[in-house]
Structure formats: structure tokens, C-alpha cells
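1. missing the sequence, but the structure's below:
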């Protein structure tokens, strides 16, 4: 006996249906769920149109149909599903025909459904002993899909309307179903003739009347989309495999779900050993693991919270450690991340070697500056001894001035030796010490006011400027204060594109007959020559004492900050 499961999904009275079905020798079970469907020969679902999509998602393993409640009418759809048990029994075929043609539907209601469903339906009658078929019905969805009118196909052979049907393979299916009565699912295949082309998926069965029905859908758009997606997948896979970086795609739980060939080579594992089986944490050395794990958690929560690019130490299956630079990003719309990484071990080792070499050179340069300073101090000491053994005051003064100039240069090398930077010296500390030594040597009663911006110079600029300041401060201390008291100002200001150095005093003033441009005194001549060497300008102010101002261009690359010249 044919067993039908009648699933009641709509709130309607279906008591007449079991009675009608039972009167034809059918065993009917009424239920509100599809439990027990496996024991039935067919399932009949009484529902509403808006619920069809939900039922379509259910796993129904036997032939089933929908009874659609359209308020005024109730219509039944064509069969769905592909039975796992042998489907060609007379009971199953009788059920399909009985429900569709006789019991539930009147012909008028059947026609309403036939014409308005989105699924294409073609009904054939066999001719030539089942070798060919003519159309007996053709619904509106089929008209739109095949771009041909119903009246143009009825009564015509299928091979006449669709000349590519035999090559398509459907004609053989129609023949088999007609002869055996067994329904068949003909999978997605491309049909093409001179008029149309497209992808079709067919379900073919035979009615007890002998007519063969083909229920099918046009899947051309889906197929093209699938092909496009497959093409893009190939493209992305090619890029993924050939970026030159070892790349992985990682799940939220740190599992590596995809790894390219470069990562396989780096790790020493095959893709089958990695994908879905290993966590990226297994490849990070212990000292870096806590930091990397924290970055991963932060990135999952909010990508902006974690650095996008960072370095870590990678350990392969053989225990070899490599330095890697990784760039990690979240894949939009997922909790997965993509992480390409580049081996920077050679760069890291070269950098460390360069740092070692640089450190050695810094030590060597410091030693050179130290030795130059010591040699200059020896010369200064020799001049001092010479001064002690010389009786002439004028000669002693010349020797002391030369000793002071040597000391200026020695102090520069001493500052470079003591500085963290071997390229520049802090000019403020240098000037403060230089002026202090001059005052101690020549005039203990002279006050000094030093204002120097935070300026750093290299040795080629610092030595000439130091010599200039030495000459000008020495002249002020020696000659500007006959009474032995007064004030000397030393200022170094960083201006826009320039550095201004000024030395001024409130002493008796520079004699009017002295012109720095033409004087034959060694000190002022040296100031003028050194200013020209620095491409600077020299100006003199004789009001209320004497003031010298030297302006030079800022040396390229020097660190200069400060306020404008007062």
C-alpha cells in the first residue's frame, strides 16, 4: 500500500484529504512535522507560499510536493526531491499522477499553477515508438526561458524545436524514462543551438497516461557566476601562491586553514600536515609568543588596536630559527586573518654586523680624538714651558695667545671624545667652558653672560667659531677694562637659515683707528679670515663698548634650534 505523510503547516482543515486518499487505497499519516518521512513513499506539505523557502531548506529524502494555500484556491506543485529508494514503482507514479491530476487539483487549478510557477515545465507525448517526442504542453516560464511561444511548440517534435536536444543528452533521458517509467535527474548541462544557449537542470518523470514531463530551471546566470567565481578563485590562488612571501590564512582560534608553497618550504611541513591541523603559535619561538598572541587577540577585537607590521622569530620543524617580518590583516566580513611574512634573517644579520662595525669605528674615532687632544695639550704644555723661559713680555703674550688657540682646538676634540655623537658637539657646553678658561687666564674680575641656543655643530664649523669667540673674548678681557672689572656678553642664536654669534663688552670701546678689514693685529685678522672661511659676515658696534656680530649660514644637516637674536 502507498504510504503518504501529510504535513500540515497551514492552519486549515485537511480532514477531507486523508479520506480522499484513503478511498484510493493510500495509507495517510497526518502530522505537523516531517518526522517519519523516511518511512513514507511520498510527502505532501500543506503550506503557504511564504513558507516554501523554509521547507526547501529541510532535508526531505523522499518525493514531496507542496499544497499551496492561495486563500481562494489550493494548488499543488510538481514533484520535488529525488528518492533514494527505487523510484519507479507503480505506487509512486500513481501517487504523483493521482495528487496532481485527480484528487486535490481540478484542471483549472492545475492550469493556474502550471502557468504561474517560476519553474519551467514541458509535457511530451512519445512518437515513433518512443524515439522522438512532441510537445503537448509548455508553460509560461518555459516560454520566457526558451524565448519561444507555446503555440509555436505544441504538436511539434522536440528535435524540431530544439535541434540540439540530442547532443544536449536530454533526448536519451526522455527515451529511458518513457520506456522504464523510472524518474531521472539530469544534472546541470549546457544546451546550445543556433537560436539559444544556456545551462539547464532537468527532472524527468512519466505519468500513468504515458506522457513524459520535464521540470527544469534555467541556471545560466548561476553557472556564469560560478565560472566567474572559479576564475577569480584561480586568480587569487595564483596570487596567493606566487607573492614571494610565505602566506597563511588563520582562523580565530589560531588554526592555519590555508598555507601557500612558500610557507610549506619555510616551515618544512606539507600543506596536508599544516592546513586545519597546526596553529601558527607552533612556529613562534617562546620569547615572542606572548607578544604575538596578544596582537592576535587585539586584532580580532579591533584591527586598529594591534600593529599591522612587526617582526618575530620563526622556528621550523627542524628547530632552525629565522627572523621574519609579518604584515597581518583581517579578511573583511570574517574572523579570519591573512598573514604574509618575509624572511629578513640575512638583513637582520647584516644589520647586526653593521652595528658591530660601526661601534668599532666609533671606539676608534673616540681614540683618535683623544690622541689629537692629548697631542694638542702636549704642544700647549711646550708653549707654556717656553713662556716660562722667555723674558720678553711681548713674546710671552704671543706664546700665551697661541697656547689659547691650541687649547680651543683641543677642547673641541675633548668634547667629541666625550660626546655620544662623534659627528657633532654641544656648542653651549663648549662655549661656557671656553669663556670660563679665558676669564680665569686674563681677568678674574670680569663678569660674563653667556646665552647660547641648543646648537650642535660638526668639527669643521665648531673649530673656526671657537677660534673666533676665543679671539674676541680674549681681546675684551685684556683690553676693554683698564680698571679690571666689566661685563662680557657671548650670544649664539639660531635664526631662519642663519646662525648669529655676537661678542660684546661694556668697556672702553675699540679705538677708532682700528679697522678689522685692514688691521694687522693677528687676533682680528684671524677673526676676519675665519669668518670668510665660513662664508659669513662681520659687523662691529662701537656704542657703549664694543660689539662684534658674525652671521653665517646654517650648515646643512646641523641640529639648530632656538629663539631669534635679541
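-> Arrived safely. Worth saying up front: this structure is predicted, and the values here are computed from it rather than measured.
2. and residue 552, bridged to which residues?
-> When assigned by DSSP bridges, residue 552 has beta-bridge partners residue 499.
3. just checking, residue 503 is part of a strand?
-> Yes: counting by DSSP: H, G, I helix; E, B strand; the rest coil, residue 503 is located in a strand.
4. Tell me the predicted confidence for it.
-> pLDDT, residue 503: 91.
5. how far away is it from residue 552?
-> According to C-beta to C-beta, to the nearest Å, residue 503 stands 14 Å off from residue 552. Every C-beta, even on glycine, is put in place using the N, C-alpha and C of the backbone.
6. Please enumerate the helices of the stretch 201-350 of the chain.
-> 220-241, 261-267, 271-274, 286-301, 345-388 (DSSP state H, counting those that start in this stretch).
7. Ignore what I typed, I meant the stretch 451-566 of the chain.
-> Using DSSP H, counting those that start in this stretch, helices in the stretch 451-566 of the chain cover 459-479, 522-533.
8. just the ones you listed: most buried one?
-> Of all the helices of the stretch 451-566 of the chain, helix 459-479 has the most neighbours on average by mean count of other C-beta atoms under 10 Å, namely a mean of 22.
9. elements contacting that helix?
-> helix 393-418, helix 427-442, strand 486-495, strand 498-505, helix 522-533, strand 546-553 (3 or more C-beta pairs under 8 Å, 6 or more residues apart in numbering; DSSP states H and E).
10. Looking at the ones you listed, which one is packed in the most?
-> When you average the neighbours per residue for each of the helices and strands packed on helix 459-479 (mean count of other C-beta under 10 Å), strand 498-505 leads with a mean of 22.
11. so which of the helices of the stretch 451-566 of the chain gets nearest residue 118?
-> Residue 118 lies closest, by C-beta to C-beta, to one member of the helices of the stretch 451-566 of the chain: helix 459-479, at 86.4 Å.
12. Quick one: mean pLDDT over the closest one.
-> Mean pLDDT, computed over helix 459-479, is 82.
13. Return the residues in contact with residue 243.
-> 260, 262, 340 (C-beta atoms under 8 Å, 6 or more residues apart in numbering).
14. Check the burial of residue 231 by counting its neighbours.
-> 10 (other C-beta atoms under 10 Å).
15. The chain should start at 591 in everything you say after this.
-> Understood, numbering begins at 591; the last thing we discussed is residue 821.
16. residues near residue 1111, how many?
-> Residue neighbour count, defined by other C-beta under 10 Å, stands at 12 for residue 1111.
17. got it, and residue 620?
-> 15.
18. Would you check how far apart residue 612 and residue 594 are?
-> 10 Å.
19. When the two are compared, which one has more neighbours?
-> residue 594 (25 against 13).
20. Wasn't residue 657 part of a helix?
-> No: going by three-state DSSP, the assignment for residue 657 is strand, not a helix.
21. Redo the helices and strands packed on helix 1049-1069 as CSV? Include distance to residue 828.
-> Listed next are these as CSV, based on distance: least, C-beta to C-beta, whole Å:
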stretch, distance to residue 828
helix 983-1008, 57
helix 1017-1032, 60
strand 1076-1085, 57
strand 1088-1095, 59
helix 1112-1123, 64
strand 1136-1143, 57
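22. which one of these has the lowest average pLDDT?
-> Here the helices and strands packed on helix 1049-1069 differ in mean pLDDT, and the lowest is helix 983-1008 at a mean of 68.
23. thinking again about what came up before, pick out the shakiest of the helices of the stretch 791-940 of the chain, pLDDT-wise.
-> Across the helices of the stretch 791-940 of the chain, the lowest-scoring stretch is helix 935-978, with a mean of 70.
24. re earlier: Throw the helices of the stretch 1041-1156 of the chain into JSON lines and include distance to residue 659, thanks.
-> Below are the helices of the stretch 1041-1156 of the chain laid out as JSON lines (distance: least, C-beta to C-beta, whole Å):
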{"stretch": "helix 1049-1069", "distance to residue 659": "97"}
{"stretch": "helix 1112-1123", "distance to residue 659": "105"}
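25. hmm, back to that, can you say which of the helices of the stretch 791-940 of the chain is packed in most?
-> helix 851-857 (a mean of 18).
26. which strands and helices sit next to it?
-> Against helix 851-857 (3+ C-beta pairs under 8 Å, 6+ apart) you get strand 836-840, helix 861-864.
27. outside of it, which residues touch it?
-> 831, 833-838, 849, 860-861, 864, 873, 904, 906-907, 912, 933.
28. Stretch 878-890 too?
-> 840, 842, 844, 871, 874, 895-897, 900, 902-903, 918, 920, 925, 927.
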